[in-house]
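*Asks:* just to be clear, the model below is a prediction. Sequence and coordinates:
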Amino acid sequence: MQSSTFSICTLGCKVNQYESERIIQDFLSYGFELVDFSDEADVYIINTCTVTNVSNHKSRQVIRRAIGRNPPALVIVTGCYVNAFPEELRELDGVDMLIKNEDKPHLAELVVGKVSPGSSRESHRVSPRPRLHTRALLKVQDGCDRFCSYCIVPYARGKPLSISRGRVLAEATRLAEAGIKEIVVTGVNLGRYGCDLPNGTNLEGLLADLARIPGLARIRLSSIEPLDITAGLITLISSNLIFCRHLHIPLQSGSDEILRAMNRNYTGEDYVGIIEEIRDKMPGVAITTDVMVGFPGETEEHFKRTKDLISRVRPRKIHVFRFSPRLGTLACSLPGRVSFDVKKRRSAELIELGEELARDFIGGFVGRRLEVLVEKLVEDNLLTGLTDNYIRACFKGPSDLVGELVSVYALRFERGRLYGEIVGQEMNHEGSNWKLETRN
Ligand code: SF4
């Protein structure tokens, strides 16, 4: 008898991606077989997002697709949409189970018994073969209590909840032992790490501990709020080569008035000051950011301030969001709604500016040597990977370099890709100083 199959589709942020990976591991350990989401499966899991109305719409589309693909299959919906708007999902015909975020760790357990996992029809667990990647997400924190006025996340994820230092370090050690070279430290509000733990535990201390784990070559932070970037954190990540020169710091708006209405508690100049301090200590750093357009009351003048500020900060990448009223949030009832067409136009302008800045940033590394973590073979003999400062590079080389750090000399920038040639292989990160050469 064949194993039962399952499939998972993940929407939204890195925390959701991490949680999906854990669900996959759980199902594999029960003897289920993982199949593609476009295939027929016995169990479909949709890990939803609710950050915007578009996220809700996309989540519903994926759920309907799963129901239509194999009507007898068990369709399980989990994630932030379930926590925030369960009644909308209950109306969908064909959804068998709604599982809240806090119950995700037991999702597989809840399903075993409803669907036979494997040929033996027993539900004992085995250790699955690890799904090896070059990079792994490491969730250290959940929840947020900042209550930015537009954001539904605190309602969907609840109060800040940190994973204990011991559990985080044990998981990171296991990943390093499995051959993972890079971990991406992830949380709903990473900067709040430790606020609910005793003894002054904080993100800086946790990162310092993670940096000592043997075998890890890179630590990347997923996203951190401007006000959580302390002088100590900048000193730590700029003085140890294990930390990637890449920080995702949401800006949201360049207008102080709009930032105030968003309840963001910093000004545009505060943001510029933080970025300048980071650039001063980490030459070549890639700053990526989120910007929201069309917040209620956003005038052309406010939007111009955002564009001007972006032109000064010169981020490597901008994620542009259009304001979307989320029921239950403060901004949902604010006057001065911006029309769909204006939001669309402002969003297009920022995307265009972002693309221009990305070309400038990446093009500036032609003629320099970069450290690349090789991810995969894309074409015959052509490998690709990411630099620590978030540049995708392509170069010729054998496939057995996948998962290794190599030194690449950047030759040219063409159609969004940086092409180079391998000039060395960096197997031993410690004791090496070639990476410093890329930072002058
Ligand atoms: S910091 Fe603000 S935007 Fe980020 S999750 Fe918390 S409330 Fe939402």
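*Replies:* It's in. Just so it is clear, the model here is predicted, and its values are computed rather than measured.
*Asks:* A helix includes G273, no?
*Replies:* Yes - looking at G273 with DSSP: H, G, I helix; E, B strand; the rest coil, it is inside a helix.
*Asks:* and it, how far from F243?
*Replies:* Applying CB to CB, to the nearest Å, the value for G273 to F243 is 21 Å. The way it works is simple: take the backbone N, C-alpha and C, and place the C-beta from them, glycine included.
*Asks:* give the rounded mean pLDDT of stretch 317-326.
*Replies:* Average pLDDT, stretch 317-326: 96.
*Asks:* for it, measure first residue to last.
*Replies:* Terminal residues of stretch 317-326 are spaced 26 Å apart (CA to CA, to the nearest Å).
*Asks:* which residues sit against it?
*Replies:* Applying CB atoms under 8 Å, 6 or more residues apart in numbering, the external contacts of stretch 317-326 come out as 50, 52-54, 84, 150-152, 286, 288-296, 298, 310, 331-332, 337-338, 343-344, 347, 350-351, 353-354, 357-358, 390.
*Asks:* narrow these to just the buried residues.
*Replies:* By neighbour count, with 16 or more other CB atoms under 10 Å, the contacts of stretch 317-326 hold 50, 52, 84, 150-152, 286, 288-296, 298, 310, 331, 338, 343, 347, 350, 353-354, 357-358, 390 as buried.
*Asks:* which ones, among the residues you listed, also lie beside the ligand?
*Replies:* Counting by CB under 6 Å from any ligand atom, C151 from the buried ones among the contacts of stretch 317-326 sit close to the ligand.
*Asks:* okay, buried residues for stretch 220-229 please.
*Replies:* Within stretch 220-229, judged by 16+ other CB under 10 Å, the buried ones are R220, L221, S222, S223, I224, E225, P226, D228, I229.
*Asks:* please enumerate the strands of the stretch 301-440 of the chain.
*Replies:* In the stretch 301-440 of the chain, the strands defined using DSSP state E, counting those that start in this stretch lie at 317-322, 369-379, 382-387, 392-396, 405-414, 417-425.
*Asks:* next one: the stretch 151-300 of the chain
*Replies:* Going by DSSP E, counting those that start in this stretch, the stretch 151-300 of the chain shows strands at 161-162, 182-187, 218-221, 246-248, 286-293.
*Asks:* need these in JSON lines with mean pLDDT, can you?
*Replies:* Putting these into JSON lines (pLDDT from 0 to 100) gives the following:
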{"stretch": "strand 161-162", "mean pLDDT": "97"}
{"stretch": "strand 182-187", "mean pLDDT": "97"}
{"stretch": "strand 218-221", "mean pLDDT": "98"}
{"stretch": "strand 246-248", "mean pLDDT": "98"}
{"stretch": "strand 286-293", "mean pLDDT": "98"}
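*Asks:* let me have these in a markdown table, extended by distance to K104.
*Replies:* Shown next, in a markdown table, are the strands of the stretch 151-300 of the chain (distance: least, CB to CB, whole Å):
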| stretch | distance to K104 |
| --- | --- |
| strand 161-162 | 13 |
| strand 182-187 | 15 |
| strand 218-221 | 23 |
| strand 246-248 | 24 |
| strand 286-293 | 25 |
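*Asks:* ok, now which ones touch G79?
*Replies:* If you count contacts by CB under 8 Å, 6+ apart, then G79 has L11, G12, N16, I46, N47, T48, C49, T50, S59, N101 around it.
*Asks:* low-confidence stretches in the stretch 301-440 of the chain?
*Replies:* Residue ranges of the stretch 301-440 of the chain with pLDDT under 70: 426-440.
*Asks:* pick out the residue of it closest to the ligand.
*Replies:* Proximity of the stretch 301-440 of the chain to the ligand (CB to the nearest ligand atom) peaks at T329, 9.0 Å away.
*Asks:* which residue ranges form the helices in the stretch 251-400 of the chain?
*Replies:* 256-261, 268-281, 300-313, 340-363 (DSSP state H, counting those that start in this stretch).
*Asks:* give me the contact list for the first one.
*Replies:* Contacts with helix 256-261, where a contact means CB under 8 Å, 6+ apart, come from 149, 252-253, 265-268, 295-298, 302, 331, 334.
*Asks:* domain map for this protein?
*Replies:* 5-111, 135-363, 369-437 (automatic domain parsing).
*Asks:* got the end-to-end distance for the first one?
*Replies:* The distance separating the two terminal residues of domain 5-111, taken as CA to CA, comes to 12 Å.
*Asks:* what does the longest one give?
*Replies:* For domain 135-363, the first and last residues are 25 Å from each other (CA to CA).
*Asks:* ranking the strands of the stretch 301-440 of the chain by burial, who's on top?
*Replies:* Highest mean neighbour count of the strands of the stretch 301-440 of the chain: strand 382-387, a mean of 21 (counted as mean count of other CB atoms under 10 Å).
*Asks:* pairing partners for it, with directions?
*Replies:* With DSSP bridges as the test, strand 382-387 is paired with strand 369-379 (antiparallel), strand 392-396 (antiparallel).
*Asks:* sorry, back to before: quick check on the contacts of helix 256-261: which are buried?
*Replies:* Using 16+ other CB under 10 Å, the buried members of the contacts of helix 256-261 are 149, 252-253, 266-268, 295-298, 302, 331, 334.
*Asks:* quick one: which of these is nearest to the ligand?
*Replies:* When the buried ones among the contacts of helix 256-261 are compared against the ligand (criterion: CB to the nearest ligand atom), the nearest one is Q252, at 7.7 Å.
*Asks:* in this structure the closest one contacts M262, no?
*Replies:* Yes - assessed by CB atoms under 8 Å, Q252 is found in contact with M262 at 5.9 Å.
*Asks:* joint contacts of the two?
*Replies:* Common neighbours of Q252 and M262, using CB under 8 Å, 6+ apart, are C148, M292, F295.
*Asks:* mind putting the residues you listed in JSON lines, distance to G179 included?
*Replies:* Converted to JSON lines, those look like this (distance: CB to CB, whole Å):
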{"residue": "C148", "distance to G179": "38"}
{"residue": "M292", "distance to G179": "39"}
{"residue": "F295", "distance to G179": "44"}
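*Asks:* closest one of those to Q425?
*Replies:* Ranked by distance to Q425 (CB to CB), these are led by M292 at 42.5 Å.
*Asks:* show me the contacts for S253.
*Replies:* L259, M262, R264, G268, V291, M292, F295, E298, H302, R305, T306.
*Asks:* then K14?
*Replies:* L137, V184, T186, S222, S223.
*Asks:* what is the nearest of these to the ligand?
*Replies:* Nearest to the ligand among the contacts of K14: S223, at 8.3 Å, using CB to the nearest ligand atom.
*Asks:* right, and the ligand sits closest to which residue of the stretch 201-350 of the chain?
*Replies:* Closest point on the stretch 201-350 of the chain to the ligand, by CB to the nearest ligand atom, is E225, at 5.4 Å.
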